[in-house]
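In: The following comprises the amino acid sequence and a computationally predicted model.
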Amino acid sequence: MEGAFAVLQMDRASRKHRELRKFVQGFLYLVPAIVVFVAFVFYPLANSIKLSLYQTDLFGKGQVFVGVQQYKDIFASGDFGRSLKITFLYALYTVIPGIVISLLLALMANWRLAGIRVYRMIFSSPIVVAVASASIIWAMIFSPAQGMLRYILSLFGRPPVNWLADPKWALLSVSMVAVWRGLGFNTILLLSGIQSVSEELYESAKLDGAGPWTMFWKMTLPMISPVLMFLLVVSTINALQSFGEINILTQGGPAGSTKVVVYSIYREAFFNYNFGFAAAEAMVLFLIVLILTIIQFGLMERQVFYQ
Amino acid sequence: MTTTRRVTANQHRKRAMWQKAICYVFLTLAGVVVFFPIYYAIATSFFTPAESLSYPPTLFPSKITLVSYEEALRRAPVFRFILNSFIVSASVMFGQLITASLAAYSFSFLEYKGRQVLFYIVLSTMMVPWEVTIISNYLTIKALNWTDTYLGLSVPFMASAFGIFLLRQGFMTIPRELKDAAEIDGCSDLRFFTTIVLPLSRPMMATLAVYTFLNTYNQYLWPLLVTNVDRMRTVQIGLAMLQWDESVAWNSTMAGVVMVLVPTAILMLFGHKQLVSGLTSGALKG
């Protein structure tokens, strides 16, 4: 009796031991990734929360605990509210046009014609152009003195527009660059979505007398709606965090008309050395992005369910 | 009867031909608009300074000269920028391949308590946007004295939840029986990982490699923050240096843009199919 108890105990101990060994073994493979995540994601996240609650010195050391005061300050000044508004406007200008144009391109790239591969390649070409290159190329096209856009407008008898220096146009101009830059990725994704719709479905619809218009609205669009949803959320998240185009083309100007939230964070942190203030702004943007990300995960779950 | 049928067949063929022609017109119009900025950059890089300043703008270079390329190389160490970007992108690429494949192996082939929780913790890093971490990371790099070093440019990006997730999806398609058979044969985990799993997952690894290299090569804000000397600048920051010099015509700036573009264009030409199939299966089919 006692012996049996001892065996049972030993058994339990050895099982525990085995479980621990398995855990250590599994965990060891994760160590390299986790070290990076702790150092460059989790620690900075915690640190940013802390920074946003403290008034900091020039070296970013937390000095005086001020609680939510900095959050109150960023909203009280009005500048941040304006930046948020500009950021949402920028998202509106880039996301919807970007997806609609890409969808048109992807539908065309799905036509069954000789040499369609060449067109597919051309439609996805903007993907190789990085943000700085794209901005500089477009700065040349926008150039008020001898730019291509000025010339095209003049062909239609329109007066030149000072694209980047006119507060009315600057945000739209920067958005144009962002839309163009996103065309490649969006088109590739949408095309592969369209191609995954089975050929037989189209054939049987055709036999039933469905025209191309009906087929697009009743079949293609519903079938690619998961890809569209994915693009919508991802593009919105990206648009809310845009920085490169704005820093290169307008530096937030003219008259602050393109001062999006991330640009404002950048100025506060790295020019005014107001780390706490910048961290508070970043946390607010984080919350907005977080909500969108949760929506995205929810959508992806549903998508798995569909399949 | 037969003649009328032939006529309608002929009409049909004619209509189909017209339809095709219209399709090509639309495709070409769209192609011209989408490709124009890239074409114009290449064309301008071959212009003479006078041509690049002319109005109305020129569309075709009168002759192919490399004058603007020489000028660009005189104004900024473009090759040094490209070399820097290559070193950083390759480091991040190999770093991510190592960290992601190891972690993905743990998440797909090893069974232990807490695995699911750890997986969620890793995935949660995807939700933290860079603007939240960047201030603190900048302070960390400064404290480590890593500004103006390749370490500072690459180490923060050496692991990504996306990479781990992508490879895990790939690893899970490898049959479990292989692992069981290996265990019976007394094959250790590490050996199974290096001799069976990695070779079988080459396509997914290639996808991650191309994706990571492109992303790092195109980085803008981080290198802007952690480099201060020209010697350590990467391409995207270096380009911005070539830009706002009003005294210089556009041709040499565009020569710089084209030189920086060539490596990614080549990479895309060869890696395009890989990237598309890998990303769509990884990101969309979840």
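Out: Alright, I've got the coordinates. From a predicted model like this one, the values you see are computed outputs, not experimental measurements.

In: tell me which residues in whatever helix or strand residue A:189 lives in are buried?
Out: Element membership for residue A:189, per DSSP states H and E: helix A:170-195. For helix A:170-195, the buried set under the neighbour-count rule, 16 or more other CB atoms under 10 Å in any protein chain shown, comprises A:170-194. Placement of C-beta: from N, CA and C, glycine included.

In: Would you mind pulling up the elements that that helix packs against?
Out: Taking 3 or more CB pairs under 8 Å, 6 or more residues apart in numbering or on different chains; DSSP states H and E as the contact definition, the neighbouring helices and strands of helix A:170-195 are helix A:79-109, helix A:116-124, helix A:131-142, helix A:225-240, helix A:244-249, helix B:2-45, helix B:250-279.

In: Could you check the pLDDT of the residue nearest to residue A:172 when sequence neighbours are not counted?
Out: Of all residues beyond its chain neighbours, the one nearest residue A:172 is residue A:93 (6.2 Å), with distances taken as CB to CB, 6 or more residues apart in numbering or on different chains. The score at residue A:93 is 94. That number is its pLDDT.

In: Just the pLDDT for residue 266.
Out: You didn't pick a chain, so chain A it is. Here, the pLDDT recorded for residue A:266 equals 92.

In: Not quite, go with chain B.
Out: Predicted confidence (pLDDT) for residue B:266: 90.

In: burial count for it?
Out: Burial of residue B:266, expressed as a neighbour count using other CB atoms under 10 Å in any protein chain shown, amounts to 11.

In: What of residue B:183?
Out: When neighbours are defined as other CB under 10 Å, residue B:183 has 12 of them.

In: Which secondary structure element is home to it?
Out: Element membership for residue B:183 (DSSP H and E) is helix B:176-184.

In: Which strands or helices does that helix pack on?
Out: Under the contact definition 3+ CB pairs under 8 Å, 6+ apart, helix B:176-184 sits against helix B:189-192.

In: Just give the nearest non-adjacent residue to whichever residue of the stretch 51-200 of chain A sits closest to chain B, would you?
Out: Relative to chain B, the nearest point of the stretch 51-200 of chain A is residue A:130 (3.5 Å; CB to the nearest CB). In space, not counting the residues next to it along the chain, residue A:130 is nearest to residue B:218; the distance is 3.5 Å by CB to CB, 6+ apart.

In: number of nearby residues for the one you found?
Out: Residues lying near residue B:218 (other CB under 10 Å) number 23.

In: which ones are touching it?
Out: Each residue near residue B:218 by CB atoms under 8 Å, 6 or more residues apart in numbering or on different chains is listed here: A:130, A:131, B:236, B:264.

In: hang on, the residue of the stretch 51-200 of chain A closest to chain B packs against residue B:264?
Out: Yes. The pair residue A:130 / residue B:264 is scored as a contact, 7.1 Å apart, by CB atoms under 8 Å.

In: list the residues that contact both of those two?
Out: Between them, residue A:130 and residue B:264 share the neighbouring residues B:217, B:218, with contact defined by CB under 8 Å, 6+ apart.

In: Tell me how many other residues surround the closest residue to residue A:249 other than its chain neighbours.
Out: For residue A:249, ignoring the flanking residues on the chain, the nearest one in space by CB to CB, 6+ apart is residue A:135 at 5.2 Å. Neighbouring residues of residue A:135 were enumerated by other CB under 10 Å; the total is 27.

In: Check the spacing between residue A:135 and residue A:176 real quick.
Out: Distance of residue A:135 to residue A:176, computed by CB to CB, to the nearest Å: 11 Å.

In: again with residue B:194
Out: Computed as CB to CB, the residue B:194 to residue A:176 distance reads 49 Å.

In: Name the single longest helix found in chain A.
Out: Ranked by residue count, the top helix of chain A under DSSP state H comes out as helix A:2-37.

In: Could you pull up the mean pLDDT of that helix?
Out: 83.

In: And for stretch A:238-256?
Out: Stretch A:238-256 shows an average pLDDT of 88 in the prediction.

In: So which bits of that stretch are buried?
Out: Within stretch A:238-256, the residues that qualify as buried are A:238-250, A:252, A:254, A:256, counting by 16+ other CB under 10 Å.

In: Contacts for stretch A:151-164 next, please.
Out: In this structure, residues lying in contact with stretch A:151-164 by CB under 8 Å, 6+ apart are A:139, A:142, A:144, A:147, A:149-150, A:169-170, A:173-174, A:249-250, A:254, B:55-57.

In: same question, stretch A:42-61
Out: Identification of contacts with stretch A:42-61 by CB under 8 Å, 6+ apart yields A:62-68, A:70-71, A:273-276, A:279-280, A:282-283, B:125, B:128, B:132-137, B:139-140.

In: same check, this time on stretch B:238-258
Out: Under the contact criterion CB under 8 Å, 6+ apart, stretch B:238-258 has outside partners A:132-133, A:136-137, A:139-140, A:143, A:248, B:41-42, B:44-53, B:67-69, B:71-72, B:75-78, B:81, B:230, B:233, B:260.

In: what's the first-to-last distance across it?
Out: Using CA to CA, to the nearest Å, the end-to-end distance of stretch B:238-258 comes out at 13 Å.

In: For that stretch, buried residues please.
Out: Within stretch B:238-258, the residues that count as buried by 16+ other CB under 10 Å are B:238-243, B:248-258.

In: any bit of the strand or helix carrying residue B:134 sitting next to chain A?
Out: Using DSSP H and E, the element containing residue B:134 is helix B:130-143. Yes. With CB under 8 Å from any CB of the partner chain as the threshold, helix B:130-143 lies in contact with chain A, specifically through B:130, B:131, B:132, B:133, B:134, B:135, B:136, B:137, B:138, B:139, B:140.
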